[in-house]
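> Sequence below, structure please.
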Amino acid sequence: MREHLKKLTVKDIANLAQVSTASVDRVINGRTGVKVSTRKKVFDAIEQLNRQSDTNKIKITKIAFIVEAGPTFISLVEEAIHHFIQKNVHEIEYSLDTLQTGQSSSSKIAGLIKERAKEVDGIILMAADAPQVNRAVNLAVEQNIPVVCLTSDLPNSNRTAYVGSEQKSVGATVGYLLGRMLPHMPGRILFVASAPYDCQLQRELGFRQALRQEFPHLKIEESINSQDNSEYSYQSTLEFLKKDRHLDAVYNAAGGNRGIAKALREYKLCRHVIFIGHEISSHTRDLLDAREMDVVIGHDVDQEVKNAVHVIRNQLGQDSISPISIITPYNSI
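The predicted structure is shown next:
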């Protein structure tokens, strides 16, 4: 962290010394024609203001955000950073690197982590779990640059902390909701994921566990990939529906909700298939209003960004677990 010191102004010095700004200007520029007593007042005021400035230095923290995700989640993080910086503009400097899911290699993300670690006081990272990424995180931490994982953890790394929801219980919650919402008869569920993000792996683990334990009559028929992209998820869902339209529910643990809804709409299945996904945004609110999604699992991205910065600024090493929200068409404001 570097420190920002407010510069002294002639007006500040004159006000404290109770002399004119012209007298201050003469003293600090070494001109003649100033009384000894006035000169002393000016120098005393400068010394006092310098002491006050030393005790009121503002610590500026430089943070690099590196976010690999779909466009909707990237937008949510960008908004959260903007909101936070507006309130802490004199305390935080930041950079933001965004990478679309499936369009960047793990080596590129690892390279970004290494480069940013040379420039900043801490890194806030969301990335898919990969050996190269984990090694880059470990190297940054060894160099005393804290790395905080946002929303999706990197459990195979030595990251400093994780900030986000307990994703296994999130997936189990979705499994419980679907089990209670569907009739008590054999049913088929489509599971959607995108990439090896730990958050999605944990959601799937919890989801399958809840179904196995409490609703064994429900089966995950197939899993498809969304790439966190609406057009990709649309095509993937269409391919699935072309093979078999008999479907009872969809759980999207990733992005691309609009594409899935579009495919269900075209097959006139929106009112017959229960659809649960993640991230409350303008898009998912619209889908809820249109009854093309039934439930959205949300979390407070603004608060998570704030908590992640807090971990770095205060040199903490503790995880920060976020609560989730269960959003329906009736509480989607």
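
> would you list every one of the strands in the stretch 201-333 of the chain?
Per DSSP state E, counting those that start in this stretch, the stretch 201-333 of the chain has strands spanning 218-225, 249-252, 274-278, 295-298, 320-322, 325-327. These are given in chain order.

> Could you do the stretch 51-200 of the chain as well?
58-69, 92-100, 122-126, 147-150, 161-165, 187-193.

> so what's Ser236 up against?
192, 224-226, 259 (CB atoms under 8 Å, 6 or more residues apart in numbering). In this view, the C-beta of every residue, glycine as well, is placed from N, C-alpha and C.

> Could you identify which of these has the most neighbours?
Ser226 (30 neighbours; other CB atoms under 10 Å).

> Output the contacting helices and strands for the longest helix seen in the chain.
Secondary structure assigned by DSSP state H gives helix 36-55 as the longest helix of the chain. Judged by 3 or more CB pairs under 8 Å, 6 or more residues apart in numbering; DSSP states H and E, the packing partners of helix 36-55 are helix 10-17, helix 21-28.

> Can you tell me which of the strands of the stretch 201-333 of the chain is most buried?
Compared across those, strand 249-252 shows the largest average neighbour count, a mean of 27 (mean count of other CB atoms under 10 Å).

> Send me that strand as CSV with only the CA atoms.
Provided in CSV are the C-alpha atoms of strand 249-252 (Å, rounded to 0.1, in the frame of the first residue of the first chain):
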residue,chain,number,x,y,z
ALA,A,249,-37.0,-29.4,-14.8
VAL,A,250,-33.8,-27.6,-15.7
TYR,A,251,-31.1,-26.5,-13.2
ASN,A,252,-28.6,-24.1,-14.7
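
> and that strand, how far from the chain's centre?
23 Å (CA atoms, centre = their mean, to the nearest Å).

> Direction included, what does that strand pair against?
strand 187-193 (parallel), strand 274-278 (parallel) (DSSP bridges).

> Need the contact partners of it.
For strand 249-252, the surrounding residues in contact (CB under 8 Å, 6+ apart) are 174-175, 178, 181-182, 187-192, 207, 218, 226, 233, 237, 260, 264, 273-278.

> thinking again about what came up before, okay, angle between the longest helix of the chain and helix 10-17 too, please.
110 degrees (axes from the mean of the first three to the mean of the last three CA atoms, to 10 degrees).

> how about helix 36-55: buried residues?
Residues of helix 36-55 classed as buried: 38, 41-42, 45-46, 49 (neighbour count, 16 or more other CB atoms under 10 Å).

> from the residues you listed, which two are the most distant?
For the buried residues of helix 36-55, the farthest-apart pair by CB to CB is Thr38 and Leu49; their separation is 16.6 Å.

> Just give me the closest of the contacts of Ser236 to Val133.
The closest of the contacts of Ser236, once distances to Val133 are taken by CB to CB, is Asn225, at 19.8 Å.

> Pull the contacting residues for the closest one.
192-194, 232, 236.

> Not counting sequence-adjacent ones, nearest residue to the residue most central in space within the chain?
Centroid check for the chain by CA atoms, centre = their mean gives Val77 as the closest residue, at 4.7 Å. Leaving out its chain neighbours, the residue that sits closest to Val77 by CB to CB, 6 or more residues apart in numbering is Val67, at 5.3 Å.

> beta partners for the one you found?
Applying DSSP bridges, one finds that Val67 bridges with Thr98, Met126.

> average pLDDT for stretch 133-143?
On average, the pLDDT along stretch 133-143 is 98.

> Return the set of buried residues in it.
So stretch 133-143, judged by 16+ other CB under 10 Å, has buried residues 133-141.

> for those, which one is nearest Leu8?
Ala140 (37.7 Å).
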